[in-house]
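Engineer: dropping a prediction and its sequence here:
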Amino acid sequence: MVSVPLRILAFLAGATMVLWVVRSAVWTVVVPRAEQVGLTRLLFLVMRRPFDRAANRARTVRQREAIRARYGPTTLMLMPVTWLLLVMLGFVPIFWALGAEPLGEEFVLSGSSATTLGFSRPNEGPVLAASVVEAVIGLGLVALLISFLPTMYGHFSRREQLVATLSSRAGTPP
């Protein structure tokens, strides 16, 4: 039997992680002004290293620039995946704290709830309530992604327009 304080601590740790991820997602997508969002910044920093390595190994300037051009869009597309995975990970200790059995079922239950696939379903009580909350958060993240993509496409389109204008004025290579 696991002690109650340990379950409370696990619940609080999971809830803190979930709230941090949801806050990061909302601030990244919804807040119109430039805000420092820790999770977004961390993801961009982590993704920067492999792209820099690949660009440094490129043989031509064109190859190097092609690799660097993929850094932003790739990282942006990984953001919703990261949000969803971290929410799923944050709900694992929540389900454990609420008594999801058998041990290990928390991972399956979290994945089923966050993606709303429904292949694993708790029968009743607080675990079922947490499962519904996770499903709502998962759907909310999908909605954020849907609203996020057209906005990002518009920004990248404007950027490419400015780059083309600059290239025509400065020449290639500048």
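Structural biologist: Right, received. Where do you want to start?
Engineer: residues in contact with residue 76?
Structural biologist: Contact analysis of residue 76 by CB atoms under 8 Å, 6 or more residues apart in numbering lists residue 152. For every residue, glycine as well, the C-beta is placed using N, CA and C.
Engineer: that one and residue 106, how far apart?
Structural biologist: For residue 76, the distance to residue 106 equals 30 Å [CB to CB, to the nearest Å].
Engineer: kindly report the same for residue 6.
Structural biologist: Residue 6 is 15 Å from residue 106, by CB to CB.
Engineer: tell me which of those two has more neighbours.
Structural biologist: It is residue 106, of residue 6 and residue 106, that has more neighbours when counted by other CB atoms under 10 Å, with 24 against 11.
Engineer: any idea how far residue 50 is from the more buried one?
Structural biologist: In terms of CB to CB, residue 106 sits 31 Å off from residue 50.
Engineer: what is the longest helix anywhere in the chain packed up against?
Structural biologist: Selection of the longest helix in the chain by residue count, based on DSSP state H, yields helix 125-170. The contact analysis (3 or more CB pairs under 8 Å, 6 or more residues apart in numbering; DSSP states H and E) places helix 125-170 against helix 4-29, helix 61-97, helix 105-114.
Engineer: how about the ones you listed, which one is nearest residue 169?
Structural biologist: helix 61-97 (18.2 Å; CB to CB).
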